[in-house]
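**Q** coords below, sequence missing:
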Ligand SMILES: O=C(CCc1ccccc1)N[C@H](Cc1nc2ccccc2[nH]1)C(=O)O
């Protein structure tokens, strides 16, 4: 039995088209919706808590002049340096630590189009977001807020909500 609770060599994956998990056997290339015979259900449940297939996050993005798209609903073009963006992000980090609502801060300051929904990106699986963002998001527990994360888009604070 592997740490997944599944009989070797079965793995658990996420089907984006069906928006649900499925099980895949890399040896036989079989895939199925139901848990394979002999699955340790409690171990699989715990594994999925520690290794979520999808997460739902809010984020607050501050772009800078070297961002891949240095434009925003807030101001065009964006001229601040990465250092200035990180400086400003630390102000928001402090506000969040002081209990200000993440959604309100994202609505008022984020340079991502998700600002309209309080920074809500919805749910996403591995492979859908830029690697540094994905790495940070999947390392968060539900309710946790990240330290500053740098991507080609700019600098982010991420809050995992599911
Ligand atoms: O790519 C988008 C849209 C992201 C989004 C996903 C799902 C729902 C709503 C928005 N916006 C970019 C800024 C940006 N870069 C990102 C990189 C990782 C995660 C979120 C990001 N947002 C931009 O506006 O330049």
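**A** Here it is on my side, so go on. All figures in this text were calculated on a predicted structure; none of them were measured in a lab. Residues are numbered from 1 along each chain as shown.
**Q** quick check on the nearest residue to residue 53 once chain neighbours are set aside: phi, psi?
**A** Leaving aside its sequence neighbours, residue 53 sits nearest to residue 14 (CB to CB, 6 or more residues apart in numbering; 4.1 Å). Every C-beta, even on glycine, is put in place using the N, C-alpha and C of the backbone. The phi/psi pair for residue 14 (degrees, to the nearest 10) reads phi -120, psi 130.
**Q** now do the same contact list for residue 14.
**A** 20-22, 53-54, 125 (CB atoms under 8 Å, 6 or more residues apart in numbering).
**Q** which of those residues count as buried?
**A** With neighbours counted using 16 or more other CB atoms under 10 Å, those contain these buried positions: 21-22, 53-54, 125.
**Q** strands - which of the residues you listed land there?
**A** 21-22, 54, 125 (DSSP state E).
**Q** could I get those as TSV with pLDDT?
**A** TSV is the format used below for these (pLDDT from 0 to 100):
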residue	pLDDT
21	95
22	97
54	96
125	94
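**Q** which helix or strand contains the residue nearest the centre of the chain?
**A** Nearest to the geometric centre of the chain sits residue 137, at 3.5 Å (CA atoms, centre = their mean). Assigned by DSSP states H and E, residue 137 belongs to helix 131-139.
**Q** also residue 59?
**A** Here residue 59 is assigned to strand 54-62, by DSSP H and E.
**Q** what residues does residue 10 make contact with?
**A** Taking CB under 8 Å, 6+ apart as the test, what residue 10 contacts is 4, 23-25, 36, 39.
**Q** helices or strands up against the helix holding residue 137?
**A** strand 54-62, strand 149-151, strand 154-160 (3 or more CB pairs under 8 Å, 6 or more residues apart in numbering; DSSP states H and E).
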